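Participant: Kindly generate the corresponding structure for this input.
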Amino acid sequence: MAYDSPLFQSSLELFGHAIEHFNWGTERDRKFVILHLANAVELIFKDLLLDLGESIYKNPKETITVTGSIKTLTEEKGIQIPNLNKLELLIDERNSLQHRYGFPNELTTIFYMEAVYNFFNEFLKENYDLEIDKILEDFVSPDDLASFQLRQAVTTNELDKLIKLARIHPVGALLSAYTYLEKQLNEIRSIINDSVRGRLDEVDRHTRFRIMRLTNPDFLPRLFDEYGVEIERENKRKLFELRKIRNVTAHGREEPNEKIVIDLIKFIKGLEPKISELKSKVKEDPLVLFEKNGEEEE
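Facilitator: Numbers count the residues shown, from 1 in each chain. Below is the predicted model of the structure:
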């Protein structure tokens, strides 16, 4: 296929630039992530149309729109487009950003980055017989590619990968470590929600809000207290410090240095036994927050 075509090259260059901005993670960078991702998707669609013998021009001076490209590929050529619904949202997001002042939030950027990465992963295999991770080696620097691939920490041992990442991109490492912590608390929230699912009529709005609030990293010290998991006062202070540094970083107001980020990642890793203890206690009695709310009302 047309690996060396200008449109293919431009598409993957834009995806590579999106990865660089994604790694840097500031508020302004997040805007460029969205713009580059949408443009990368649009160009790869047009490149495939050329490969299939279709013109991408609707008149001598103007190419077809991304919507027109999608319609031709799906309706006339029978091409399956992975994550199409999310890509359509991405294109709308790109169009909005081009006509107003503002910046997407962190979660929005992560959502679209994952959607586009998964799209390229399947789309290139199916239509170009290419592997996205291998192709990216030609369009992203080794450090940036390593940073991007290190971001997803699934187990506590994988936090060590983020320590390596912190030496290259402290911001990306910090945000990924915080995301790891959020995933642990989301698991706890799921245990609680699954337990009260059959009693939804009994769980009032205040209790639901309380469960959601206390399973947020900002309120982790309180959640430890609710379940009788003892942690040192110094660790409670560090949790507050972690939240503060993460928030100013996510909003692009400050960028922590390598040492600060590595210390915070090591702190999260050291906190893992307490989080495991908390999960065990939640599994034993997932309705503690529900029951304590009832006691407060009495």
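
Participant: which regions of the stretch 151-298 of the chain lie under the pLDDT threshold?
Facilitator: Filtered on pLDDT under 70, the stretch 151-298 of the chain yields the residue ranges 151-157, 196-212, 214-215, 252, 289-298.

Participant: just the helices in it please.
Facilitator: With DSSP state H, counting those that start in this stretch as the criterion, the stretch 151-298 of the chain has helices at 159-166, 170-196, 205-214, 220-226, 233-250, 258-284, 288-297.

Participant: ranking those helices by burial, who's on top?
Facilitator: helix 159-166 (a mean of 21; mean count of other Cβ atoms under 10 Å). C-betas here are computed from N, CA, C, even on glycine.

Participant: and that helix, what does it pack onto?
Facilitator: On a contact count with 3 or more Cβ pairs under 8 Å, 6 or more residues apart in numbering; DSSP states H and E, helix 159-166 meets helix 142-150, helix 170-196, helix 258-284.

Participant: now the angle from the last one to helix 233-250?
Facilitator: In this case it means helix 258-284. 120 degrees (axes from the mean of the first three to the mean of the last three Cα atoms, to 10 degrees).

Participant: and what of the second one?
Facilitator: Relative orientation of helix 170-196 and helix 233-250, computed by the same axes, to 10 degrees: 110 degrees.

Participant: who does helix 170-196 touch, helix- and strand-wise?
Facilitator: Counting by 3+ Cβ pairs under 8 Å, 6+ apart, helix 170-196 packs on helix 6-24, helix 142-150, helix 159-166, helix 205-214, helix 220-226, helix 233-250, helix 258-284, helix 288-297.

Participant: possible to save the helices and strands packed on helix 159-166 as JSON lines with distance to residue 94?
Facilitator: Output for the helices and strands packed on helix 159-166, formatted as JSON lines (distance: least, Cβ to Cβ, whole Å):
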{"stretch": "helix 142-150", "distance to residue 94": "21"}
{"stretch": "helix 170-196", "distance to residue 94": "22"}
{"stretch": "helix 258-284", "distance to residue 94": "31"}
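
Participant: ok, now how distant is residue 82 from residue 54?
Facilitator: As for residue 82, its distance to residue 54 is 20 Å (criterion: Cβ to Cβ, to the nearest Å).

Participant: what's the answer for residue 254, then?
Facilitator: Counting by Cβ to Cβ - residue 254 and residue 54 are separated by 49 Å.

Participant: Neighbour count for the two, which is higher?
Facilitator: residue 54 (16 against 13; other Cβ atoms under 10 Å).

Participant: Check whether the more buried one really touches residue 71, as I assumed.
Facilitator: No. Between residue 54 and residue 71 there is no contact under Cβ atoms under 8 Å: 11.5 Å.

Participant: Show me what stretch 79-89 is in contact with.
Facilitator: By Cβ atoms under 8 Å, 6 or more residues apart in numbering, the list of residues contacting stretch 79-89 from outside reads 41, 48, 70, 73-74, 111-112, 115-116, 118-119, 121-123, 126-127.

Participant: Would you mind measuring the gap between the ends of it?
Facilitator: Its start and end residues considered, stretch 79-89 measures 19 Å (Cα to Cα, to the nearest Å).

Participant: how far does that stretch sit from the chain's center?
Facilitator: Distance of stretch 79-89 from its chain centroid, counting by Cα atoms, centre = their mean, to the nearest Å, is 18 Å.

Participant: and it, which residues are buried?
Facilitator: The neighbour-count check on stretch 79-89 (16 or more other Cβ atoms under 10 Å) flags 79, 81-83, 86-87 as buried.

Participant: can you name the two of the residues you listed that are farthest apart?
Facilitator: Pairwise distances across these (Cβ to Cβ) peak at 16.7 Å, for the pair 79 and 86.
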